[in-house]
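J.: Provided below for reference: sequence and predicted model.
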There are 2 protein chains.
Amino acid sequence: MVKVVKFGGSSLASAEQFMKVGKIIRAEESRRFVVPSAPGKRFPEDIKVTDMLYKCYEEAEAGKNFDKLLKTIKERYNEIIKGLSLKLSLDERFETIKKQFAAEAGIDYAASRGEYLNGIVMANYLGYEFIDAATVISFDKEGNFDSEKTNELMGQRLKNVKNAVVPGFYGAMPNGQIKTFSRGGSDVTGSIVARAIKADVYENWTDVSGFLVADPRIVKNPRTINVITYKELRELSYMGASVLHESATFPVRKEGIPINIRNTNKPEDIGTMIVEATCNMPDCVITGIAGKKGFVSISIDKDMMNSEIGFGRKVLQVFEDNVISFEHMPSGIDTMTVFVHQDEFVEKEQKVLAALHRAVEPDTVELEADLALIAVVGRGMKNNSGIAGNIFSALAKSKINIKMIDQGSSELNIIIGVRNKYFEDAIKTIYSVFIPEDK
Amino acid sequence: MVKVVKFGGSSLASAEQFMKVGKIIRAEESRRFVVPSAPGKRFPEDIKVTDMLYKCYEEAEAGKNFDKLLKTIKERYNEIIKGLSLKLSLDERFETIKKQFAAEAGIDYAASRGEYLNGIVMANYLGYEFIDAATVISFDKEGNFDSEKTNELMGQRLKNVKNAVVPGFYGAMPNGQIKTFSRGGSDVTGSIVARAIKADVYENWTDVSGFLVADPRIVKNPRTINVITYKELRELSYMGASVLHESATFPVRKEGIPINIRNTNKPEDIGTMIVEATCNMPDCVITGIAGKKGFVSISIDKDMMNSEIGFGRKVLQVFEDNVISFEHMPSGIDTMTVFVHQDEFVEKEQKVLAALHRAVEPDTVELEADLALIAVVGRGMKNNSGIAGNIFSALAKSKINIKMIDQGSSELNIIIGVRNKYFEDAIKTIYSVFIPEDK
């Protein structure tokens, strides 16, 4: 069995956290490949190393003296090195970084040093080989991640390696220039490594015990999801739930490798297993609830619209021409409503209305702003006829008016539209319908 | 007060029915303009005069002897004339019709003679002026109804007329050639007359006491709808409920004239009033339920679809290119389902699938056939938060699985998708939720 283990910034914020991580890695021989993030916050007001690096590089670019800032960063690492009693000096590395900052090596280079240095510390601590991500993760000339080239390069490089540390978050372009993924991209690196070595599991260690059924800022102590499919995860993530970087599932998904979200601070918790498919059904019918505020509905009325071939297409064309993505398009008879993000829409509002009139000559167009969309997601909902009734009866009891319902025949989710102000109440209500109170 | 009264075929099938109609017209002086259909069925196995005319003309066109058939038609009218003790002979008219049939005057000419002759009988019986629809209803050279020209012509012609009979269903093109509306088009004629004379009400007399909340073939003795808006009517009609010709509402709607559906055989019933808008709320929250079988759902899955601007538009373009109109397009996250009519789709199935793959490169496309769509319609649903819950709880209790839910923010209707086999049960269930049993 081979596992790739990725650790998030809070799991590596201090020597104490490093020791927890070391214990976890050593507990299973299969944990052969380690992907570390940069050191995160040690306490709520602390600053993440990556943010310190951004700030430091900003000063360098502005021609200011950045010695002091760089020294603070170095101290973070030295504190860890000292706490772990390692015989390791980062002096030379920091000399190089200082030179590169002065030479304006790029914001991506700067940001990536947090993982780079943490990888060196981690490799030294574990006695694992250090492999610079710049040598195994490829971006093309335009700076787009080259998944196939990377997979070959990484696969070749790791083929005969027993244990290694590959820092997360970055890679390099053909000319050697450092390029990073978007923030949180160490998740992606871990997934790439797992795919390349055809790992059995990709363990993603963080500071929570997996995905929660609902946002803990809205629902008090929500349950953890034990097993979730990639599809369900994508739906919940899209609607606002976040633990994993959005692109992190793609590399492993291609190979059918499950991701296990685990808690560094509670290694005894089994966490959440993210899988391609499973016969394991959630206990509570639904898998999760997530949502977002800030949508606008544009309702278009026109007599005999349903008999007009091309009507819907022309409406969507207007939004496309204005570079506004639509979320949902429920339709009645002679009415069609398009839901879009309020922030994308407001500035173009009148332009879109005029274009709609030119395109389809509607009888009326009405707008409603400040709407929220909530997704109730669950593979257990398929062929379970009671779900919709339970949800809508409960919402009615809570006096929450429903602005939109959208359930496709995939039966994997129901999307519900409510006013922004009912958002939290709606989520609480739906949660309480499906999840019995724990004792 | 001025009323236009239109009588359907069953209201004019026999002398006995004519007498009922005469009594109704004479009961109110305001019933000044009468639009008759052709005589309909006197008993279930009977043949409508219009169908006899089609058959007869077919024979004429085939060069066969059609004397006998024409004679049977004449007998239908003579029976009415005799039953009403009128001093009226249609001999001359039938001579002309015979000549025109032999000269192949056109199928529309043939079909229109049922209303034409019935109008003459009606005018004679009532002592009203007879106005041939060919002189007041205009179609253009291409055979499209010319509403504005007609409105002027009709308005001028009826301005100083106290009472008149204008036969339904037909008009004429600029060259004098007779052109009919589609079947049931007398409803349209009545509406055109009402608009032209700015009537207070357009009474449409038929053999039912108005629109029913649900199809009586599915629900036993459903209630009558007292007041319905044009919008609600359009929605119910589109979904299969039928009493009135689809185009019949347009002329009066332009003038804000209400339509009153009445029952010739029960003139004491108030029937259904169709209005532009009303403060009158239905007693039972919903106004009506209607539905259709025979839909297919095409479910398209693609990772990250929601981030692809233009995805929905491209999908609809494929259906448009294949001349398939879509009914609904519920969407989840990374899934989109298009509902289309099965009969439009089946033959083009593989062509559409291939085109979808070319257009949007989906991960998977799945089809499900034999689906039914049900519309629950009602202006009373707006801001009434309990509706959806009641519907879906009841459907769950009846063990009916829901394939689709589509409620836009118009809140005037909820569209529900179920398997064809659950169609009747679903309608019965929804009816029983909202309509208390009458004693």
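T.: Received it, and whenever you're ready, just let me know what you need.
J.: Just confirm residue A:1 contacts residue A:203, I think it does.
T.: No - at 11.5 Å, residue A:1 does not count as touching residue A:203 under the criterion of CB atoms under 8 Å. C-betas here are computed from N, CA, C, even on glycine.
J.: what about these two, which has more around it?
T.: residue A:203 (25 against 10; other CB atoms under 10 Å in any protein chain shown).
J.: Return the residues in contact with that one.
T.: Taking CB atoms under 8 Å, 6 or more residues apart in numbering or on different chains, we find residue A:203 in contact with A:3, A:4, A:5, A:6, A:31, A:259, A:260, A:262.
J.: Of the residues you listed, which belong to helices?
T.: Under the assignment DSSP state H, these contribute nothing to helices.
J.: hmm, which two among these are most spread apart?
T.: A:31 and A:259 (14.5 Å; CB to CB).
J.: Among those two, which residue is more densely surrounded?
T.: When neighbours are counted by other CB under 10 Å, residue A:31 and residue A:259 differ, and residue A:259 comes out ahead with 28 against 19.
J.: if I look at residue A:108, how far off is chain B?
T.: 22 Å (CB to the nearest CB, to the nearest Å).
J.: Secondary structure class of that residue, three-state.
T.: helix (DSSP: H, G, I helix; E, B strand; the rest coil).
J.: now swap in residue A:171 and tell me
T.: Residue A:171 ends up strand, using three-state DSSP.
J.: does it really touch residue A:132, like I thought?
T.: No - Residue A:171 is not in contact with residue A:132 according to CB under 8 Å; the separation is 9.6 Å.
J.: quick revisit: of the contacts of residue A:203, closest to chain B?
T.: Closest approach between these and chain B, by CB to the nearest CB: residue A:259, at 15.3 Å.
J.: so what's the closest residue to the closest one other than its chain neighbours up against?
T.: Of all residues not flanking residue A:259 in the chain, residue A:274 sits nearest, at 4.2 Å (CB to CB, 6 or more residues apart in numbering or on different chains). By CB under 8 Å, 6+ apart, the contact set of residue A:274 is A:228, A:229, A:230, A:233, A:244, A:249, A:258, A:259, A:260, A:261.
J.: Which pLDDT value belongs to residue A:409?
T.: pLDDT for residue A:409: 58.
J.: er, residue A:386 I mean
T.: Taking residue A:386 on its own, its pLDDT is 82.
J.: Need the phi and psi values for it.
T.: Main-chain dihedrals, residue A:386, degrees, to the nearest 10: phi -80, psi -10.
J.: was I right about it contacting residue B:396?
T.: Yes - between residue A:386 and residue B:396 there is a contact under CB under 8 Å: 4.0 Å.
J.: if we can go back for a sec, sort out which one of the contacts of residue A:274 lies nearest residue A:429 for me.
T.: Minimum distance to residue A:429 across the contacts of residue A:274 is 22.2 Å, recorded for residue A:228 (CB to CB).
J.: would the closest one count as being in a strand?
T.: Yes - Residue A:228 forms part of a strand when assessed by three-state DSSP.
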